[in-house]
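Engineer: With the sequence up front, the predicted model follows.
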Amino acid sequence: MLRSFLPARAVSGLPVLSLAAMPLAFVAQASAQSTGDDESVNLDPMVVSATLAPRTASETLSSVSVINEQTLRQRDPISLIDALRGQAGVDFSSSGGFGKNTSLYLRGTGPESTLLLIDGMRLRSATNGGPAWQFLDPRMFERIEVVRGPRGALYGADAVGGVVQLFTLEPEGERPTPSITLGGGSFGTARAQANLSGEANATRYQFSASHLSSDGSEVRKGGEDKGYDNTTGLVRLAHDFDNGAVMGVTALRASGNTEYEGGDSDYVQQVAGVYGEIPVTSNWTSRLTISEARDELDDFSDLGATTFDTTTHTARWDNSVLMGNHELVAGAEYQQDKIDSTTDYAEDSRDNVAVFAQTLLDFAPFSLQVGLRHDDNEAFGGETTGHLALGYALDDHYTLRASYATAFRAPTFNELYFPDFGNPDLDPEKAESVELGLRGQYGRGFWDVAVYQSDIDDMVAYTVQDSHYAPFNVDRARIRGVELTTGLEWNQWVLAASATYTDPEDRKSGKRLVRRATQGVRLDADRRIGDWNLGASFVAQNHRYNDADNKERLSGYGTIDLRAGWNFAPQWKANLTLENVLDREYATARDSFNGWDYINPGRAAYLSVGFQP
């Protein structure tokens, strides 16, 4: 229930799912008045992360969410976390705001169990397993896809909870097109972005740069403000040949400094890759991508200076073969992780070789997806994962889906090799998941509901065995959940809602997994009025526990954000965002050793002005 963070009169007897389900009535009413000619791409967007092939959200047979460019520009989030917060199945815990350490829990799985891709290139830390979400500037991306549920058959290790893929800006326009945005606001925050894109002689190009600096806010009561700065650069080049082949390069680098209680860190997040795609035949396309991802951290604390630099080299070969209404996707992947650290690891590199195949079959009204992948990892041996999904179109609007999938999480370098702590005998965590979903797709709206259960075996837990404190394969987890998403475009209004109920249970202790909320809701409303666009968002979650024994309770919260955009002159626009307007103090993590909560920023206001032809 939402009683812990809303007035009792406002939500008396009203569960989270009921609150988020209210827009369904508007969807049905508006859709009854619409026709197929009114269909909006935004309500059934194209998705590639779920199947490795372009499919609309209703055709993927998966639970997916898409945040498009228009939504990102209107909300103008300071951080990527703000853009994802409250989306169905998505939960965060953080050690404060403005570039502080952040973990994402997708469908209740651990922070190492969600795969992050940037234009198809994997980014994470090989030492701790999770990506640094807090260092990625949302202004560098034009679309975000969130696929909920295991995707080991397509991506191998770490996709136990699902996949988040960020897509960089797509070059467009025959003439050079410049744009610039300047802004700032609360907590001494300043932001700037510049971009140049276009096309010349069949070569598309994009050059972008952004900078954010902030004095930051206090991360604990009575503490000092902890600053943050970030500089990000992006380069994209692509050339189209007369025979249909394409060659391109993409590079994104984010670097800066973040302060925390007891020290500060210099960081680098970088992905770069070159790709080539050729039409082998009229129905067979082949693509080769070679990429490098870097996660670098130089930490300076009261205990001294340490360096943790990880590099991932990947070569991936993807093939797509169209066979009438059916499609075959197959390929191979080679990946190598390397560590360069002041900490002496027993092993500092490992390789992974994989082959995979997937068939997408359309026997209307039935559709079938079958995928299989085998990974051979130098550290833990071979692992085979798969998925099976069946869809049935009840009519032109409603699609019923059912799926079964497996995935695994490879132990991190810290878990395997950290001095006097790692356990090189660890096995991968293994997951099985079943899901049943129903989607309603209309001209002006949609709704989607899914119920699922995931069972995770050989969970890595830190405990004492044989008089030695270390990670061992000892635990099991069962995660059950219900998710609801809905959206509506009607009479200049764009409405969206999502709600999540999750039961992430440690089967050994019967306790809730740490730092996970069980209920969450997000409501968004935006309206266009002439040269203005106005909007509001409400995000709420119930309480969570900071410890495995469920004794350290962190209260739930609810926040309201407001926004306004004004096209005050041709090619010029101003955006004003007000975050946490009720100045709600809340925490999603606690320092158990020192006894303080990591509090998030309070009320804030940000203004930006931009020029774009």
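Structural biologist: Nice, I can see it.
Engineer: Who are the contact partners of Asn580?
Structural biologist: By Cβ atoms under 8 Å, 6 or more residues apart in numbering, the residues touching Asn580 are Thr559, Ile560, Asp561, Asn600, Pro601, Gly602, Arg603, Ala604. Backbone N, C-alpha and C define where each C-beta goes, glycine included.
Engineer: List phi and psi for it.
Structural biologist: Phi and psi for Asn580, reported as degrees, to the nearest 10, are phi 50, psi 60.
Engineer: Could you do Asp396 as well?
Structural biologist: Here Asp396 shows phi and psi, under degrees, to the nearest 10, equal to phi -70, psi -10.
Engineer: What score does it have for pLDDT?
Structural biologist: Confidence at Asp396, expressed as pLDDT, is 93.
Engineer: That one: how many residues sit nearby?
Structural biologist: For Asp396, the neighbour count with other Cβ atoms under 10 Å is 9.
Engineer: For the helix or strand hosting Lys226, enumerate the helices and strands it packs against.
Structural biologist: Using DSSP states H and E, Lys226 maps to strand 225-240. On a contact count with 3 or more Cβ pairs under 8 Å, 6 or more residues apart in numbering; DSSP states H and E, strand 225-240 meets strand 203-218, strand 246-260.
Engineer: can you put those in JSON lines and add mean neighbour count and mean pLDDT?
Structural biologist: JSON lines is the format used below for the helices and strands packed on strand 225-240 (neighbours: other Cβ atoms under 10 Å; pLDDT from 0 to 100):
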{"stretch": "strand 203-218", "mean neighbour count": "19", "mean pLDDT": "97"}
{"stretch": "strand 246-260", "mean neighbour count": "19", "mean pLDDT": "97"}
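Engineer: so which of the ones you listed gets nearest Ser63?
Structural biologist: strand 246-260 (27.4 Å; Cβ to Cβ).
Engineer: Can you list the strands that whatever helix or strand comes next after the closest one pairs with?
Structural biologist: Counting by DSSP H and E, the next helix or strand C-terminal to strand 246-260 is strand 263-281. According to DSSP bridges, strand 263-281 has the following sheet partners: strand 246-260 (antiparallel), strand 284-301 (antiparallel).
Engineer: which stretches of the stretch 101-250 of the chain form helices?
Structural biologist: Taking DSSP state H, counting those that start in this stretch to define them, one finds helices in the stretch 101-250 of the chain at 152-155.
Engineer: related to what we said a few turns ago, include distance to Leu72 when you put the strands paired with strand 263-281 into CSV, please.
Structural biologist: Formatted as CSV, the entries for these read as follows, by distance: least, Cβ to Cβ, whole Å:
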stretch, distance to Leu72
strand 246-260, 16
strand 284-301, 23
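Engineer: Minimum distance to Ser49: which of those strands has it?
Structural biologist: Comparing the strands paired with strand 263-281 by Cβ to Cβ, strand 284-301 comes nearest, at 14.8 Å.
Engineer: Please identify the buried residues of the closest one?
Structural biologist: Neighbour-count burial for strand 284-301 flags 285-287, 289-299 (criterion: 16 or more other Cβ atoms under 10 Å).
Engineer: Pick the one among those residues closest to Thr307.
Structural biologist: Ranked by distance to Thr307 (Cβ to Cβ), the buried residues of strand 284-301 are led by Asp298 at 5.3 Å.
Engineer: Just list whatever residues bridge to that closest one.
Structural biologist: Asp266, Thr307.
Engineer: OK, contacts around it?
Structural biologist: Going by Cβ under 8 Å, 6+ apart, Asp298 touches Ser265, Asp266, Tyr267, Ala305, Thr306, Thr307.
Engineer: and if you look at Asp318?
Structural biologist: So Asp318 contacts Leu52, Ser286, Arg287, Leu288, Thr289, Val329, Gly331 (Cβ under 8 Å, 6+ apart).
Engineer: what is the orientation angle of the helix or strand it falls within with strand 263-281?
Structural biologist: Using DSSP H and E, Asp318 sits within strand 304-323. Angle, strand 304-323 to strand 263-281, by axes from the mean of the first three to the mean of the last three Cα atoms, to 10 degrees: 20 degrees.
Engineer: buried sites along whatever helix or strand comes next after strand 304-323?
Structural biologist: Proceeding N to C from strand 304-323, the next assigned helix or strand is strand 326-341, under DSSP H and E. Judged by neighbour count using 16+ other Cβ under 10 Å, the buried positions of strand 326-341 are Glu327, Leu328, Val329, Ala330, Gly331, Glu333, Gln335, Gln336, Asp337, Ile339, Ser341.
Engineer: Turn these into CSV, including pLDDT.
Structural biologist: Formatted as CSV, the buried residues of strand 326-341 follow (pLDDT from 0 to 100):
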residue, pLDDT
Glu327, 97
Leu328, 97
Val329, 97
Ala330, 98
Gly331, 97
Glu333, 98
Gln335, 96
Gln336, 96
Asp337, 96
Ile339, 96
Ser341, 95
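Engineer: List just the nearest of those residues to Glu277.
Structural biologist: Gly331 (12.5 Å).
Engineer: who does the closest one bridge with?
Structural biologist: Where Gly331 sits in a bridge, its partners, by DSSP bridges, are Asp318, Phe356.
Engineer: In this structure it contacts Phe356, no?
Structural biologist: Yes: assessed by Cβ atoms under 8 Å, Gly331 is found in contact with Phe356 at 6.1 Å.
Engineer: which stretches of the stretch 51-200 of the chain have low pLDDT?
Structural biologist: Nowhere does the stretch 51-200 of the chain drop to pLDDT under 70.
Engineer: Which residue ranges of it form strands?
Structural biologist: For the stretch 51-200 of the chain, applying DSSP state E, counting those that start in this stretch gives strands covering 55-56, 63-67, 90-94, 102-106, 114-118, 121-122, 141-148, 162-168, 177-185, 189-200.
Engineer: Dump the strand holding Lys226 to CSV, restricted to CA.
Structural biologist: The C-alpha coordinates for strand 225-240 follow below in CSV (Å, rounded to 0.1, in the frame of the first residue of the first chain):
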residue,chain,number,x,y,z
ASP,A,225,27.5,19.0,-0.2
LYS,A,226,29.2,16.5,-2.5
GLY,A,227,30.0,17.8,-6.0
TYR,A,228,29.9,16.1,-9.4
ASP,A,229,31.0,17.0,-12.9
ASN,A,230,30.7,15.1,-16.2
THR,A,231,32.0,15.8,-19.7
THR,A,232,30.7,13.5,-22.5
GLY,A,233,31.6,13.3,-26.1
LEU,A,234,30.0,11.4,-28.9
VAL,A,235,31.1,10.7,-32.5
ARG,A,236,29.0,8.7,-35.1
LEU,A,237,29.9,8.2,-38.7
ALA,A,238,28.2,5.9,-41.2
HIS,A,239,28.7,5.5,-45.0
ASP,A,240,26.1,3.9,-47.3
